[in-house]
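Chemist: Provided below for reference: sequence and predicted model.
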Amino acid sequence: MDEDNFGEEEMSRRVQVRFVTKLKPPLKVPSASIAIPANLTRLGLSTVVNNLIQSGSPDWNAEPFDFLIDGELIRMSLEQFLLAKGISAEKILEIEYIRAVAPRKEEDASEHEDWVSAVDGSNPKFILTGCYDGLARVWDAPGSCSHILGGHVDAITSVSVVDQEGAESVCVATASKDRTLRLWKIHTEASLNSSVTIRAFKILRGHKASVQSVSVRSAGDMICSGSWDCTINLWNTKELGADDNPVTVKKRKVNNQVEESQMEEEAVSTLVGHTQCVSSVIWPQPETIYSTSWDHSVRRWDVETGKDMLNIFCGKALNCLDIGGEASALIAAGGSDPVLRIWDPRKPASSAPIFQFSSHASWISACKWHDKTWFHLLSASYDGKIMLWDLRTAWPLAVIDSHKDKVFCADWWRGDCVVSGGMDSKLRVSSGIPIQ
C-alpha cells in the first residue's frame with residue numbers, strides 16, 4: 001500500500017516542458033511538449049535531449065547540454081529550481097538547451113624548462129608563453145615551438161601580442177623580473193623545421209623593480225606596464241625611423257661581419273597613485289587604462305591627464321584583472337582569496353561587486369573574459385584548477401584540472417580553447433569548448 005502510494009506520488013510529480021534551442025539541425029528536437037519527471041537534474045535533462053536527437057538521427061553521439069529557464073542556467077533539480085524561482089509547474093515550461101561549455105579534448109602538453117608564468121592566446125596562429133627560465137616561446141601548435149625569444153636575464157612575468165596586423169610578422173612584448181620590457185618581431189609565415197632563437201629589437205628601461213604586467217593599446221602603437229615599483233609606465237612600440245632619436249642604440253657583431261642594432265627607450269609617461277605592487281594592467285580603450293594592485297584597489301586611469309578616475313577598494317591584495325562582459329564594461333579581478341569578483345563601474349555603488357564566484361580553494365592568479373559573449377569568462381588558481389564561468393549561474397560550468405600544481409596563467413585561444421601554464425612547467429591546451 002505504502003509502496004503503491006509512493007509510486008503514484010513519483011508518477012504525479014511530472015511537468016510539461018518544451019525544449020527549444022538556437023542550435024542548428026541535427027541538434028534541434030521536435031517542438032511538441034512532453035512530460036518529464038520534475039526531479040531531473042542537468043544530467044537527466046541531457047539524457048532526454050540526446051534521446052530525442054537520436055530518434056531523428058540514429059548516428060548521433062550523445063554529448064552534454066546546459067539548460068536555461070527565463071535566461072538562467074539550471075544547476076539543481078528542475079523541481080528545486082522552479083520552487084526557488086517561484087515558477088508555476090502547472091503551465092508548459094519552455095527550456096532552452098545549449099551545448100555544455102566544457103573541453104572535449106586535452107591536447108599534448110608543451111614542455112618548458114621552468115615554471116610557465118605567462119600566456120597570450122590572442123593570435124589564432126600561435127600561442128605566446130613566458131617562462132621562469134627567462135625565455136619567451138612561440139608555439140604554432142601544441143608541442144611545436146617555432147621561436148625562442150632570448151635576452152631577459154631573469155624570469156618573464158607577462159607577455160602580450162602587440163599587433164595582429166600583417167601576414168609576415170607580428171610584434172610581441174615581454175615583461176620580466178629584470179626590470180625591463182622587450183619588443184620582438186615574429187615571422188609567423190615562415191616554415192620552420194626547428195625553433196629559431198631571436199633577439200628583441202627594442203629594450204624598454206625605466207622601472208626600478210620587477211615588471212609584473214604588460215598590456216597593449218588596441219591600435220598597437222603603445223603598451224603599458226605595471227611594476228613592483230608601484231608605477232605604471234607607458235611606452236611607444238613602433239620601430240624608430242630615420243628622423244627619430246632613440247635614447248641609445250646598441251650594436252653587436254654577428255659572425256664578425258653583420259651588425260645588429262638593438263634600441264633602448266625610456267617611458268613616454270608614468271602613472272602614479274598605487275602604494276604597492278601594480279600586479280596587473282589592461283588597456284581596453286584608447287584613453288583608458290585599468291590596473292590592480294596589492295594595495296587592494298582597482299583603478300581606472302585617464303591616459304591624457306594621468307589621473308585615476310575610479311578607485312574601487314576590494315579589501316584583498318589583487319593579482320589579475322580583465323575587462324569584458326556587457327558592453328565590454330565589466331571589471332573582473334582576483335587575488336589573495338578564492339573569490340573571483342566582478343564590478344560594473346557604470347552603477348552608482350560601483351564599489352560593491354555585482355557577482356562573486358567562490359568555488360576555488362586558493363588564490364586566483366588569472367581571469368579572462370571570452371571576447372565573443374557577454375556571459376563567459378575563466379579563472380585560474382593556485383589550487384591547480386581553471387574554472388569556466390557563466391554569469392547566469394553561481395556554479396562553474398566546467399573545471400579543468402590538467403595541471404598538477406599551481407596555475408599561474410590562462411587565456412582563451414581560437415575561441416574554443418583554453419591555454420594555461422603553471423608550476424608544472426607545462427603549457428596545456430584544453431580544446432573543443434563550444435561557446436555560443
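Modeler: Looks like it came in fine.
Chemist: can you give me the helices for this structure?
Modeler: Along the chain, the segments classed as helices by DSSP state H run 2-12, 42-56, 78-85.
Chemist: quick one: which of the ones you listed has the weakest pLDDT on average?
Modeler: Per-stretch mean pLDDT for the helices of the chain is lowest at helix 2-12 (a mean of 43).
Chemist: Show the pLDDT at the residue nearest to residue 82 when sequence neighbours are not counted.
Modeler: The shortest distance from residue 82 to any non-neighbouring residue, by CB to CB, 6 or more residues apart in numbering, is to residue 89 (5.4 Å). Every C-beta, even on glycine, is put in place using the N, C-alpha and C of the backbone. For residue 89, the model assigns a pLDDT of 85.
Chemist: these two touch, right, residue 33 and residue 17?
Modeler: Yes. Counting by CB atoms under 8 Å, residue 17 is a contact partner of residue 33 at 6.4 Å.
Chemist: Looking at those two, which has the bigger crowd around it?
Modeler: Using other CB atoms under 10 Å as the criterion, residue 33 and residue 17 rank with residue 17 on top: 22 against 14.
Chemist: tell me the contacts of the more buried one?
Modeler: Applying CB atoms under 8 Å, 6 or more residues apart in numbering to residue 17 gives the contacts 33-36, 92-95.
Chemist: and if you look at residue 44?
Modeler: Residues in contact with residue 44 (CB under 8 Å, 6+ apart) are residue 37.
Chemist: and what of the one 3 residues further on?
Modeler: Residue 47 is in contact with residue 62, counting by CB under 8 Å, 6+ apart.
Chemist: Check the offset of stretch 415-427 from the chain's centre.
Modeler: With CA atoms, centre = their mean, to the nearest Å as the basis, stretch 415-427 stands 11 Å off its chain's centre.
Chemist: what about dumping the CA coordinates of that stretch to CSV?
Modeler: Written as CSV, here are the backbone C-alpha positions of stretch 415-427 (Å, rounded to 0.1, in the frame of the first residue of the first chain):
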residue,chain,number,x,y,z
GLY,A,415,37.5,31.0,-29.4
ASP,A,416,37.1,27.3,-28.4
CYS,A,417,40.4,26.5,-26.5
VAL,A,418,41.8,27.4,-23.1
VAL,A,419,45.6,27.7,-22.9
SER,A,420,47.3,27.7,-19.5
GLY,A,421,50.6,27.3,-17.7
GLY,A,422,51.9,26.9,-14.2
MET,A,423,54.3,25.4,-11.7
ASP,A,424,54.4,22.0,-13.5
SER,A,425,56.4,23.7,-16.3
LYS,A,426,53.8,22.8,-19.0
LEU,A,427,51.6,24.7,-21.4
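Chemist: pretty sure residue 23 is touching residue 99, no?
Modeler: Yes. Using CB under 8 Å, residue 23 and residue 99 qualify as a contacting pair, with a distance of 6.9 Å.
Chemist: For the stretch 1-150 of the chain, give me the ranges with low pLDDT.
Modeler: Along the stretch 1-150 of the chain, the model assigns pLDDT under 70 to residues 1-12.
Chemist: please redo it, this time with the cut-off set to 50
Modeler: 1-11 (pLDDT under 50).
Chemist: And the strands in it?
Modeler: Secondary structure of the stretch 1-150 of the chain (DSSP state E, counting those that start in this stretch): strands located at 14-20, 34-37, 65-69, 72-73, 93-99, 105-106, 110-111, 116-120, 127-131, 136-141, 144-149.
Chemist: Thought residue 150 was touching residue 196, still the case?
Modeler: No. Applying CB under 8 Å, one finds residue 196 not in contact with residue 150, separated by 10.6 Å.
Chemist: how many neighbours does residue 20 have?
Modeler: By the criterion of other CB under 10 Å, residue 20 has 14 neighbours.
Chemist: ok, and the closest non-adjacent residue to it?
Modeler: Take residue 20 and drop its neighbours on the chain: the residue closest to it by CB to CB, 6+ apart is residue 96, 5.3 Å away.
Chemist: residues touching that neighbour, list them.
Modeler: Residue 96 is in contact with 19-22, 67-69, counting by CB under 8 Å, 6+ apart.
Chemist: In JSON lines, list these along with distance to residue 187.
Modeler: JSON lines is the format used below for the contacts of residue 96 (distance: CB to CB, whole Å):
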{"residue": "19", "distance to residue 187": "50"}
{"residue": "20", "distance to residue 187": "48"}
{"residue": "21", "distance to residue 187": "44"}
{"residue": "22", "distance to residue 187": "41"}
{"residue": "67", "distance to residue 187": "47"}
{"residue": "68", "distance to residue 187": "45"}
{"residue": "69", "distance to residue 187": "51"}
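Chemist: Tell me the one of those residues nearest residue 317?
Modeler: Among the contacts of residue 96, residue 68 lies closest to residue 317 (CB to CB), at 35.8 Å.
Chemist: Kind regards, and thank you for your time.
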